[in-house]
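Engineer: Structure, please.
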Amino acid sequence: ELLKYYDLNDKSEEIKKWYNGYIFGGEVIYNPWSVLNYIDNHASGFMPYWINSSSNDLIKKLLLKGDNNMKLELEELIEGKSINKVIDDNIVMSEVEDSNENIWSFLLMSGYLKAVKTENVEGLLNCELKIPNKEVLIFYNNLIKKWFLETMTNQKYKLMLETLISG
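Structural biologist: Down below sits the predicted model:
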């Protein structure tokens with residue numbers, strides 16, 4: 001109805017790719033903040049409105065300090081695949097950095113991932129996790145680019161030190 005009112009019906013599939021995919025109360029929903037911002041700024045095109053609405057420093061910090069296995073799993077997610085994790089839906093901020101497994105719970109609860117399938121097995125919440133939409137995918141892609149830049153910077157730094165030492 002909103003798209004019809006603003007004469008944007010032809011954008012519905014693209015809006016779905018960018019801003020849909022969250023599961024709330026068993027229903028798949030769109031991110032209302034991003035949809036409303038797109039409608040208000042549709043002449044500018046599609047952009048990551050929600051992801052850019054606040055600082056993502058904590059998420060970046062958690063993912064950057066993650067081990068290689070976490071980075072491989074993140075790579076699978078970026079490729080459009082899903083990963084299976086045991087989720088703690090009672091996670092508190094003070095526990096997020098305690099383990100890599102807690103980070104997945106935090107990413108799910110904060111909207112950076114979605115659970116496409118959930119099973120309660122002996123009191124444990126097993127979830128199949130995916131990236132919810134294109135808006136969040138852009139965030140992860142930018143994070144990967146940052147990893148590569150930091151790796152290149154570290155390599156140049158090591159080269160400079162080796163060169164100074166060897167004369």
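Engineer: any idea how far the residue most central in space within the chain is from residue 69?
Structural biologist: The chain has residue 112 as the residue nearest its centroid, 3.7 Å off, counting by C-alpha atoms, centre = their mean. According to C-beta to C-beta, to the nearest Å, residue 112 and residue 69 sit 18 Å apart. Heads up, the C-betas are built off the backbone N, CA and C, glycines and all.
Engineer: Also residue 34?
Structural biologist: Using C-beta to C-beta, residue 34 is found at 31 Å from residue 69.
Engineer: quick one, which of these two is more surrounded?
Structural biologist: More crowded of residue 34 and residue 69, by other C-beta atoms under 10 Å: residue 34, with 23 against 9.
Engineer: list the contacts for that one?
Structural biologist: Each residue near residue 34 by C-beta atoms under 8 Å, 6 or more residues apart in numbering is listed here: 18, 19, 48, 49, 50, 135.
Engineer: got a winner among those for most neighbours?
Structural biologist: Neighbour counts for those, by other C-beta under 10 Å, peak at residue 19, which reaches 27 neighbours.
Engineer: what about that one, distance to residue 70?
Structural biologist: Distance, residue 19 to residue 70, using C-beta to C-beta: 26 Å.
Engineer: likewise residue 139?
Structural biologist: 16 Å.
Engineer: What residues sit buried inside stretch 46-62?
Structural biologist: For stretch 46-62, the buried set under the neighbour-count rule, 16 or more other C-beta atoms under 10 Å, comprises 46, 48, 49, 50, 51, 56, 59, 62.
Engineer: Among the residues you listed, pick out the one closest to residue 97, please.
Structural biologist: Nearest to residue 97 out of the buried residues of stretch 46-62 is residue 62 (C-beta to C-beta; 6.7 Å).
Engineer: just checking, what packs against the helix or strand hosting that closest one?
Structural biologist: Applying DSSP states H and E as the criterion places residue 62 in helix 57-64. Here helix 57-64 touches helix 68-78, helix 100-109, helix 134-166, going by 3 or more C-beta pairs under 8 Å, 6 or more residues apart in numbering; DSSP states H and E.
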